[in-house]
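*Asks:* the following comprises the amino acid sequence and a computationally predicted model.
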Amino acid sequence: MKKLNFLQQASVEQKEVAEKLLQSISFVENRNTVTKFLTNFEQVILEQIVAYNYSDFKIEFFGGYNDAEKKKAKIISNEYYDVDYDIVCLKAKYNNKFNKIEHRNILGAIHNLGININRFGDIVVLENEVYIFVDEEIADYIAMEFTKAGRVNLNFERVELADVAIEKKYEDFEIVSSSFRLDSIVAKITNKSRSKVKEFLDQDFIKLNHVIVRNGEKNCAIQDIISIRKYGRFVVKEYKQNKKSLKYRITISKLI
């Protein structure tokens, strides 16, 4: 295994993810490979692995549509040979007049089918449509077996990726925080005390880049995705620091 020199000062979680990626991904000269779906955090770590340990390789990411969060990585060693991402988009329409579908309903139903989290990408729930991006290998299985979410019957069909037009809508707002610590940012977003945020963490209510986090001292970074149960999903967009108070004015985008 390559030495992870760039992670010597990193957290235990970063090192664990890097080691897991190195164990599961093949870096073979003159041969291109495609990974399973990766979270934002895994994508960042993989980019670092390639940059520091495999400088002769290139890396590209794709999740099925332009604004995807979870993506597959294409490890490129031979630019004259291409491999497909093997991503399929499944779409189902439903009547939202009587029943409402939420992201967690779809996620729970997929988990109930016994599907590993790295075999599917984004789940996009719109006003009367649901989109799921999955591995080609399991697309037919999901289309056949996934027939219901909550009380809503669903009929998933394949959609050409070129025909997918998903535009996520965000609403920006600003918070002022003394640091980029996760518990501080969540406290400002929810307008709750640090002690209440600690309860959220202990109850697994908070995810950072799709991963449950229990340590509020973890620092957030630009483009990080924070999910808070009952509050929604937020993206850390940009910041400015006050030269006098040294506090940060952080722009947060909420997915609406």
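*Replies:* The structure has been received and is ready for your questions. Predicted, not measured: the structure shown is a model, and the values here were computed from it.
*Asks:* check which helices and strands the helix or strand bottoming out on mean pLDDT in the chain is in contact with.
*Replies:* Of all helical and strand segments in the chain, the minimum by mean pLDDT, DSSP states H and E falls on strand 211-212, at a mean of 80. With contacts defined as 3 or more C-beta pairs under 8 Å, 6 or more residues apart in numbering; DSSP states H and E, strand 211-212 has no packing partner among the helices and strands. To be clear about C-beta, it is placed using only N, CA and C from the backbone, and glycine gets the same treatment.
*Asks:* how far is it from where the chain is centred?
*Replies:* How far strand 211-212 lies from its chain's middle: 10 Å, per C-alpha atoms, centre = their mean, to the nearest Å.
*Asks:* just checking, next helix/strand downstream of it?
*Replies:* Using DSSP states H and E, the helix or strand that follows strand 211-212 in sequence is strand 225-228.
*Asks:* tell me the mean pLDDT for that following strand?
*Replies:* For strand 225-228, mean pLDDT rounds to 93.
*Asks:* can you point out the buried residues in it?
*Replies:* I225, I226, S227, I228 (16 or more other C-beta atoms under 10 Å).
*Asks:* the closest residue to N209 other than its chain neighbours: how many residues sit nearby?
*Replies:* Spatial nearest neighbour of N209, chain neighbours left out: F41 (3.8 Å); criterion: C-beta to C-beta, 6 or more residues apart in numbering. By other C-beta atoms under 10 Å, 18 other residues sit near F41.
*Asks:* so F41 versus Q241, what's the distance?
*Replies:* 24 Å (C-beta to C-beta, to the nearest Å).
*Asks:* and the helices in the stretch 1-150 of the chain, which stretches?
*Replies:* 12-24, 40-53, 103-112, 136-145 (DSSP state H, counting those that start in this stretch).
*Asks:* surely the residue nearest to N209 meets V17?
*Replies:* Yes. If you go by C-beta atoms under 8 Å, F41 and V17 touch, sitting 6.7 Å apart.
*Asks:* returning to that earlier point: and the contacts of the least confident helix or strand of the chain?
*Replies:* With contact meaning C-beta atoms under 8 Å, 6 or more residues apart in numbering, strand 211-212 is reached by T39, F41, D204, I206.
*Asks:* so where's this structure shaky on pLDDT?
*Replies:* 1-10 (pLDDT under 70).
*Asks:* show me what contacts the nearest residue to S178 once chain neighbours are set aside?
*Replies:* Sequence neighbours aside, K247 is the residue nearest to S178 in space, at 5.4 Å (criterion: C-beta to C-beta, 6+ apart). Listed by C-beta under 8 Å, 6+ apart, the contact set of K247 reads V176, S177, S178, Q241.
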